[in-house]
Each structure stands twice: as C-alpha cells, then as structure tokens.
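A.B. asks: could you look at this predicted model? Sequence included:
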Amino acid sequence: MMATRTTIVTFIASAALQLVSCCCCDDACCDVSLFDGVDLEPRSLEPTIDLGTHSYPTNHTATQPTEHRFAASRHTPANYRIGYALSPTQALASRESLHIYARTVNYAPIDDHKFVWTPGPECQGDMRCVLETVAKGDRPRVLRIAEALHKRAKTNNMSALQAAELVVSFVQSIRYEIPKKEPFGILPPALVMSESRGDCDSKALLALMILRELHIDSILISSRAHQHTMLGIALPSSGQSFTYEGRRYAFVECTAKGSPIGHVNRKLLRPNDWRAVSVRRVSRWGTEH
C-alpha cells in the first residue's frame, strides 16, 4: 500500500511557496523486498542480546515499556531487544515543546499535506530550525537509549561502522507511520521510541541524535523532488554517497527495515536533488555549529 505525503510551506514574509522534504513509502523507499539476502526479522534460532529497559525519568516505573526487537543482520548474534518507558508527563512535555514552537512561528495547518508559517530569515528554505528545536528538547529523553547502544558497541569492541549499523537497525525496525496530527508532520524522537512509530524525517532525526551521541558524524539529507528525508553517515561503506563540505556521507534509508548503509533505490537518484539539512549538533549546553 502506498502512503505518500507532500508538505508545502508558504513563507508569508516572502509570499513564496516551497516544497519541503517529507516522506514517501513506496517501492522507492520502504519496500523491504528490495534487499535480497538481508535478514529483516530477528532469527528465531539465535540468542537475543538484551540491552535492558530504560526509562525517562530514570525512576519512572508506572508506564508499560515499549519493547523493540530488531535484527542487525551483519552482527553475530544479530538479535537485539531494548525497552523504553516514557512517563506521561514527559511524553506530554515532548509533544508540547513542538506545539509551543509552532505557535511562535504562527504555524497553521491547511490540511493533512499543507501548512503555513512565518519563520525567521535564518529558517527559510528547509526544516532545520524545526528539527533543531525538537532535538534540543528531546535530547535528555533520548540519552538513555543512546547510552545503552553505545555501551553495547564499546563492550563488544565494535567498529564505528558496526555501531552505526546497530543504531540504524534499531531505528529501521520502528513502524513507518506519518504523524498527520502533529505540527510540521514531525513526531519528536522520544515519542517515536515510546509510541514505536514515525515517518522519514522523524525517524531520521532520532537516528541522527543517537549517532551523534556515539560520536559518529551524521547529517540529514532531503529531496524536494522525492518528498523524502534520509540520513547521511560519514563512514567508509559500499554503495551510494553524498558529498557535503568536502566529506563523503553514505546514504541511509531509515524507513526500510534491513536497508544496508550505502543503499538507495536508483529511483531516488533521478533527479538527484539531495541536499543537506544542516541541523546543528545538540549538546547539554545547547546547540553547536
């Protein structure tokens, strides 16, 4: 079943219409049959590495944890399990943070596919300011999962590429769903984990935040022609890559379970209008260039 979404942004200040990246989920993006020889589901005869259950706040125990089971196909063993519990108060805070920002820029939905807003000059052209705002607010809520994945990578002496594969496999396993009712069509990363759903930009932002906590250079890349967002990872790998500021970033498809790092459907390269969305790194002290 095809699920596509086009988001059109009207910059009232300049009276211009602009397409921004969104999500496709057809044979060019989410068709898992494209990846022959890749194990998409946990292997029933192999053990499962339990990465624990992690709550935010740490003393929260009331909410039933969301359990994520996924297969990192190039790992041995490949099966992983990790749990995440977000308190109702923090879930509300995560969602409300985005709604507050939306009000500051006069966000108003037109329908499921269009909205209007009045961003400042520094925010025109893409969704960078929206994504940075979401990332800054949700960083504390994402840290525990990032730390658990980092601990596994460090304990098992994984290379940076193996650690990236672990993170990507986790994010890819989360169900694809367009958050139509959320401002800007974005579901904050903590809610992507706790509700086990998200679209291309929501899932790619989660992966970006975790990878950066693991000190793996990553960027978001978007295409207006294909109405899609992917991830770029600055690690040597086979397959297609994207060059930004002199560095090579391998394409990463976050919506297709089992999609290898470096793989991108050729349909998404015609036209090849991919460009970086320069979301600044978020640290405990704020945002960094």
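C.D. replies: Here it is on my side, so go on.
A.B. asks: looking at this structure, which helix or strand is least sure?
C.D. replies: Lowest on mean pLDDT, DSSP states H and E among the helices and strands of the chain sits strand 16-20, with a mean of 37.
A.B. asks: which strands and helices sit next to the helix or strand following that strand?
C.D. replies: Where DSSP states H and E defines the elements, the next helix or strand beyond strand 16-20 is strand 48-56. Judged by 3 or more C-beta pairs under 8 Å, 6 or more residues apart in numbering; DSSP states H and E, the packing partners of strand 48-56 are strand 79-86, helix 128-155. All C-beta atoms are positioned from the backbone trio N, CA, C, and that covers glycine.
A.B. asks: how far away is the spatially most central residue of the chain from Tyr107?
C.D. replies: Among the residues of the chain, the one closest to the centroid is Ala204, at 1.9 Å (C-alpha atoms, centre = their mean). Distance of Ala204 to Tyr107, computed by C-beta to C-beta, to the nearest Å: 21 Å.
A.B. asks: kindly report the same for His54.
C.D. replies: For His54, the distance to Tyr107 - C-beta to C-beta - is 32 Å.
A.B. asks: so which elements touch the helix or strand the residue nearest to the centre of the chain falls within?
C.D. replies: Assigned by DSSP H and E, Ala204 belongs to helix 200-213. Judged by 3+ C-beta pairs under 8 Å, 6+ apart, helix 200-213 is in contact with helix 128-155, helix 160-172, helix 189-195, strand 218-223, strand 228-233, strand 281-283.
A.B. asks: tell me the mean pLDDT over that helix?
C.D. replies: If you average the pLDDT over helix 200-213, you get 97.
A.B. asks: ok so, going back, of the helices and strands packed on helix 200-213, which is nearest Ala62?
C.D. replies: helix 189-195 (13.0 Å; C-beta to C-beta).
A.B. asks: for that closest one, output the C-alpha coordinates as PDB.
C.D. replies: Written as PDB, here are the backbone C-alpha positions of helix 189-195 (Å, rounded to 0.1, in the frame of the first residue of the first chain):
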ATOM      1  CA  PRO A 189      12.200  11.300  18.800                       C
ATOM      2  CA  ALA A 190      11.200  10.300  22.300                       C
ATOM      3  CA  LEU A 191       7.700   9.700  21.100                       C
ATOM      4  CA  VAL A 192       9.000   7.800  18.100                       C
ATOM      5  CA  MET A 193      10.500   5.400  20.600                       C
ATOM      6  CA  SER A 194       7.700   5.300  23.100                       C
ATOM      7  CA  GLU A 195       4.900   5.000  20.500                       C
END
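A.B. asks: please consider this matter closed, and thank you.
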